[in-house]
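In: for reference, the sequence and a predicted model appear below.
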Amino acid sequence: MAKFKRIDRISEQIKKELSEVIRGLKDPRIPLMTSVVAVSVTSDLRYAKAYISVMGDEETKRAAIEGLRSAAGYIRREIGSRVQLRCTPEFSFEADNSIEHGAYINELLHKVLPAEDSHGED
């Protein structure tokens, strides 16, 4: 049980540092509205999967993930210098649409709720 807590702490620390590293990248393919939603580190600390949310159309998202993949070596080196681990994980980047999905659900709720309020006043 303690091992999972350690992995969770490491994942959170890497997520925080990864966000800062991504903000500092100069690649024009990576927009300012790029955020790290979650990081999942394997138990042997060899690999880390980063779930990235990018605001924009599909082409913007694809280009941002491509930019992150091309900067993976630099990102790994930066994370290695910021987080003290015996082995710095190798990163893979996945697009995450959960923030956009949440905004869409919120929009749908706002469309439905005013309709319910008007029915309640009758």
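Out: Cool, got the structure. Numbers count the residues shown, from 1 in each chain.
In: I figured residue 64 hits residue 54, correct?
Out: Yes - Residue 64 lies in contact with residue 54 (Cβ atoms under 8 Å); the separation is 4.4 Å. Backbone N, C-alpha and C define where each C-beta goes, glycine included.
In: what do those two both touch?
Out: Shared contacts of residue 64 and residue 54, defined by Cβ atoms under 8 Å, 6 or more residues apart in numbering, are found at 31, 34.
In: give the buried residues for stretch 16-24.
Out: For stretch 16-24, the neighbour count (16 or more other Cβ atoms under 10 Å) marks 17, 18, 19, 21, 22 as buried.
In: name the helices or strands packed onto the helix or strand that contains the third one?
Out: Same thing as residue 19. Here residue 19 sits within helix 2-24, counting by DSSP states H and E. Applying 3 or more Cβ pairs under 8 Å, 6 or more residues apart in numbering; DSSP states H and E, one finds that helix 2-24 contacts strand 34-41, strand 47-54, helix 72-82.
In: now these as a markdown table including mean neighbour count, mean pLDDT and distance to residue 98?
Out: Below are the helices and strands packed on helix 2-24 laid out as a markdown table (neighbours: other Cβ atoms under 10 Å; pLDDT from 0 to 100; distance: least, Cβ to Cβ, whole Å):
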| stretch | mean neighbour count | mean pLDDT | distance to residue 98 |
| --- | --- | --- | --- |
| strand 34-41 | 19 | 94 | 6 |
| strand 47-54 | 20 | 95 | 7 |
| helix 72-82 | 15 | 95 | 22 |
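In: between the ones you listed, which one is nearest to residue 110?
Out: Closest approach to residue 110 among the helices and strands packed on helix 2-24 is made by strand 47-54 (21.1 Å; Cβ to Cβ).
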